[in-house]
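*Asks:* Pasted the sequence and its predicted model underneath.
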Amino acid sequence: MQAQTAFDVEVFFDGDCPLCTREIGLLRSLDAKRRRIRFTDITEPGFDPASHGVSQDDLMAKIHGRLPDGRLIEGVEVFRRLYDAVGFGWLVRLTRLPLVAPVLDAAYRWFAANRLHLTGRCTNGSCKVPHRS
């Protein structure tokens, strides 16, 4: 976890997911100057999901974030907050439009449900990811 104290959003991401780490890498580079995002890899040894009020299974099922006031957010709203933090507020506003928002929400739900399969992490018909401790 970063030593910073002020942040706009903390993102809990799957560091073993190739697609996820590419997006996090992009966000890290976009946030390098502003440092408004706190990045937390949920696959790191010693990560304690209970200290954030959520289970590891829930974190693996869909992306989660935490706001400075401690509220947890999930799904597309996390991405909105991340991209707003790096200066893409204009794009975020488009994702909130009445015809766009439900399509993005549905697309993300589909992706989240199929993420392990899509990123090549299913073997022998099983898409379970071992928990690290």
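*Replies:* Nice, I can see it. Bear in mind that the values here come from a model prediction, so they are computed numbers and not experimental data.
*Asks:* Please make it C-alpha for all contacts and neighbour counts, starting now.
*Replies:* Noted.
*Asks:* who's in contact with the residue most central in space within the chain?
*Replies:* Centroid-nearest residue in the chain: residue 63, 3.8 Å away (criterion: CA atoms, centre = their mean). The contact partners of residue 63, by CA atoms under 8 Å, 6 or more residues apart in numbering, come to 11, 12, 13, 74, 75, 78, 112.
*Asks:* Counting only helices, which of these make the cut?
*Replies:* Counted as lying in helices by DSSP state H, out of these, are 78, 112.
*Asks:* Closest one to residue 49 out of the contacts of residue 63, please.
*Replies:* If you rank those by distance to residue 49 using CA to CA, residue 12 comes first, at 9.6 Å.
*Asks:* Can you get me a residue count around the closest one?
*Replies:* Under the neighbour criterion other CA atoms under 10 Å, residue 12 is assigned a count of 22.
*Asks:* Just list the residues touching it, thanks.
*Replies:* Taking CA under 8 Å, 6+ apart, we find residue 12 in contact with 39, 40, 41, 42, 59, 63, 64, 65.
*Asks:* Nearest to residue 118, out of those: which one, please.
*Replies:* Taking CA to CA as the measure, residue 118 lies nearest residue 63 of these, at 15.5 Å.
*Asks:* if I look at that closest one, how far off is residue 76?
*Replies:* 8 Å (CA to CA, to the nearest Å).
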